[in-house]
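Visitor: just need the structure, nothing else, for what follows:
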Amino acid sequence: MLEDTIIAIATPPGFGGLGIVRISGGNAAAVARRVFEPKGRTGRAFPERKPILGAVRDPDGGAALDEAFLTYFKAPRSYTREDVVEISVHGSPAVLEAVLKLGTRAGARAARPGEFTLRAYLNGRLDILQAQAVDDLVRSVSLARARISSRQLGGSLSRRVFRLRDRLTSLLSRLEAGLEFPEDGVRVNRAAIRRTLDPLVDEVGRLAASYETGRALAEGVTLAIVGRTNVGKSTLFNALLEEDRAIVTPFPGTTRDFLRERLVVEGVAFHLVDLAGLGRPAHPVEKAGMAKGRKIAGQADGVLIVLDASRRISPADVRLIRKYGDKKSIIVLNKCDLARRIDGAGLRKTAGASPVVEVSALRGRNIERLRARLKPHFAPGADKDEEIILHARQRDILQDVYEALRRAGGLLAGGHSEEMAAEELRTALDRVGELAGEVRTKDILDEIFGRFCVGK
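Guide: As a prediction, this is how the structure comes out:
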């Protein structure tokens, strides 16, 4: 596979000012010479890493297709560590497809999805975790995720995993030395092994648990706005978005279905969902909307529970708060510009750990304060320098490592055989090797690189 020279469009589909076609492989420069004519440089070699002006030309008919710039990256100083040529033309899909066809006729093969990054991985330019970070960075829906992906592309997660591997290797060697050479006076110090093992268990557990934040940053945080009819959910929805997205009327039950919009707060994407108000439906459509709303709220990452501060808290409000007690939530006391009738002390007792924010969505009062609570409450850790994992596969492997280390510690603490503890450490080490890309299986490579866009 690596003997082929591959070609692909490297920029996203659609129209744009510029588009790039990338060629990689031992014959990249030769293919480029057949389709690109440098201006005033006939017969001369391409300079390295310096764009040159010319034209893309059909070598058979001689007709110029487009004016273009060509940049040549000589191996190993390229993304794939192979010879790479990038031809920049105007961003017309028709032009880009034509350049692609000329390149395949000139001897290159159309690249498969993710093949450029796969070559970078196989050639040692990137490890498996950095390769995943390339895709994460391209697909980032928020600045927070982009920053994490950029750090991981630079090797932050890789270094963390390799340090874990080295510490596990050292720990296992100490344990096995005592098992293999007891006649030489080498003994297993169980207490010392556990003093080294316990911090590793905690570290792996924290890293696995960071997936909750990572998933929120990768996909965006879905927040359902729930409450009884006519408490001002749609007005709050509009106020948070700073636009009149939802229809607002004085009549209960105006929202019968749901609306979903994206809100970015300090680099984190939130998917706000304005749901139909809960209560006694007066119409079958309203009843269907309430049922759908309950389902969406049950699947959401968090909820904004909206109450009317101008009314006394009702048993229905209490039931609503308790219904979502297992979710992250913020209690929003709306209509704080009116005479207050809700019992604040009783509410806080019912709310438990959920923060309470008073707003007037109609007047825009305290809306910024509510926005400021979203990120720290629903996406904690997004601004911290601690490593955050973004993939369920990484989480699952780390969870397996965590469980194996816990079992090893339990065996040592319980006076069980040291051979059994060593086997658990070997299991953990094998899983870490899989996470680091040292265990190369076709299934793993297909899972990771099969998701990539062709031009990467």
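
Visitor: output the longest helix belonging to the protein.
Guide: In the chain, with assignment by DSSP state H, the single longest helix is helix 156-180.

Visitor: do you know how far the most centrally placed residue in the chain is from residue 154?
Guide: The centroid of the chain falls nearest to residue 218 when counting by C-alpha atoms, centre = their mean (2.8 Å). Per C-beta to C-beta, to the nearest Å, residue 218 is found 18 Å from residue 154. The C-beta positions use only the backbone N, C-alpha and C, and glycine is treated the same way.

Visitor: how about residue 326?
Guide: 37 Å.

Visitor: domain assignment for this structure?
Guide: Using automatic domain parsing, the domains assigned to the chain come out as 6-127, 134-210+389-436, 220-378.

Visitor: with mean pLDDT added, can I get those in TSV?
Guide: Putting these into TSV (pLDDT from 0 to 100) gives the following:
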stretch	mean pLDDT
domain 6-127	92
domain 134-210+389-436	87
domain 220-378	79
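
Visitor: would you format the ones you listed as CSV with mean neighbour count included?
Guide: CSV is the format used below for the domains of the chain (neighbours: other C-beta atoms under 10 Å):
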stretch, mean neighbour count
domain 6-127, 18
domain 134-210+389-436, 18
domain 220-378, 18
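
Visitor: what helix or strand is the residue nearest to the centre of the chain located in?
Guide: helix 211-219 (DSSP states H and E).

Visitor: which strands and helices sit next to the next helix-or-strand element following that helix?
Guide: Per DSSP H and E, the first helix or strand lying C-terminal to helix 211-219 is strand 221-227. In terms of contacts (3 or more C-beta pairs under 8 Å, 6 or more residues apart in numbering; DSSP states H and E), strand 221-227 is packed against helix 233-241, strand 268-274, helix 284-299, strand 302-308, helix 367-378.

Visitor: what is the orientation angle of strand 221-227 with strand 302-308?
Guide: 20 degrees (axes from the mean of the first three to the mean of the last three C-alpha atoms, to 10 degrees).

Visitor: can you give the contact residues for strand 221-227?
Guide: With C-beta atoms under 8 Å, 6 or more residues apart in numbering as the test, strand 221-227 has contacts from 233, 236-237, 268-275, 277-278, 293, 296-297, 299-307, 320, 324, 374, 378-379.

Visitor: please repeat the previous calculation with a cut-off of 7 Å.
Guide: 233, 236-237, 268, 270-275, 277-278, 296-297, 300-307, 320, 378-379 (C-beta atoms under 7 Å, 6 or more residues apart in numbering).

Visitor: repeat that for stretch 334-343.
Guide: By C-beta under 7 Å, 6+ apart, stretch 334-343 touches 231-232, 236, 306-313, 333, 358-363, 365.

Visitor: end to end, how far does it reach?
Guide: 14 Å (C-alpha to C-alpha, to the nearest Å).

Visitor: same deal with stretch 101-110?
Guide: Taking C-alpha to C-alpha as the criterion, the two ends of stretch 101-110 lie 9 Å apart.

Visitor: stretch 134-153 too?
Guide: End-to-end distance (C-alpha to C-alpha), stretch 134-153: 6 Å.

Visitor: what of stretch 303-312?
Guide: Using C-alpha to C-alpha, the distance between the terminal residues of stretch 303-312 is 21 Å.

Visitor: for stretch 306-323, same thing?
Guide: 14 Å.

Visitor: next one: stretch 99-114
Guide: End-to-end span of stretch 99-114 (C-alpha to C-alpha): 20 Å.

Visitor: just how off-centre is that stretch within its chain?
Guide: Here stretch 99-114 is found 30 Å from its chain centre; the criterion is C-alpha atoms, centre = their mean, to the nearest Å.

Visitor: quick check: residue 103 touching residue 7?
Guide: Yes: assessed by C-beta atoms under 7 Å, residue 103 is found in contact with residue 7 at 4.2 Å.

Visitor: common neighbours of the two, please.
Guide: With C-beta under 7 Å, 6+ apart as the test, residue 103 and residue 7 both reach 21, 23.

Visitor: can I assume residue 130 sits in a helix?
Guide: Yes: judged by DSSP: H, G, I helix; E, B strand; the rest coil, residue 130 forms part of a helix.

Visitor: and the gap between it and residue 344?
Guide: Taken as C-beta to C-beta, the span from residue 130 to residue 344 is 51 Å.

Visitor: check residue 3 too.
Guide: For residue 3 relative to residue 344 (C-beta to C-beta), the value is 73 Å.

Visitor: and residue 266, by the same measure?
Guide: 28 Å.

Visitor: next: residue 61.
Guide: Distance of residue 61 to residue 344, computed by C-beta to C-beta: 80 Å.

Visitor: one more: residue 73?
Guide: On the measure of C-beta to C-beta, residue 73 and residue 344 end up 65 Å apart.

Visitor: before we move on, the earlier item: how near is the residue nearest to the centre of the chain to residue 15?
Guide: According to C-beta to C-beta, residue 218 and residue 15 sit 28 Å apart.

Visitor: again, but for residue 86
Guide: From residue 86 to residue 15 the distance is 19 Å (C-beta to C-beta).

Visitor: repeat that for residue 369.
Guide: Distance of residue 369 to residue 15, given as C-beta to C-beta: 42 Å.

Visitor: identify the bridge partners of the nearest residue to residue 15 once chain neighbours are set aside.
Guide: Spatial nearest neighbour of residue 15, excluding adjacent residues (C-beta to C-beta, 6 or more residues apart in numbering): residue 91 at 6.0 Å. Per DSSP bridges, the residues bridged to residue 91 are residue 16.

Visitor: my read: residue 91 touches residue 18, true?
Guide: Yes: under the criterion of C-beta under 7 Å, residue 91 makes contact with residue 18 at 5.1 Å.
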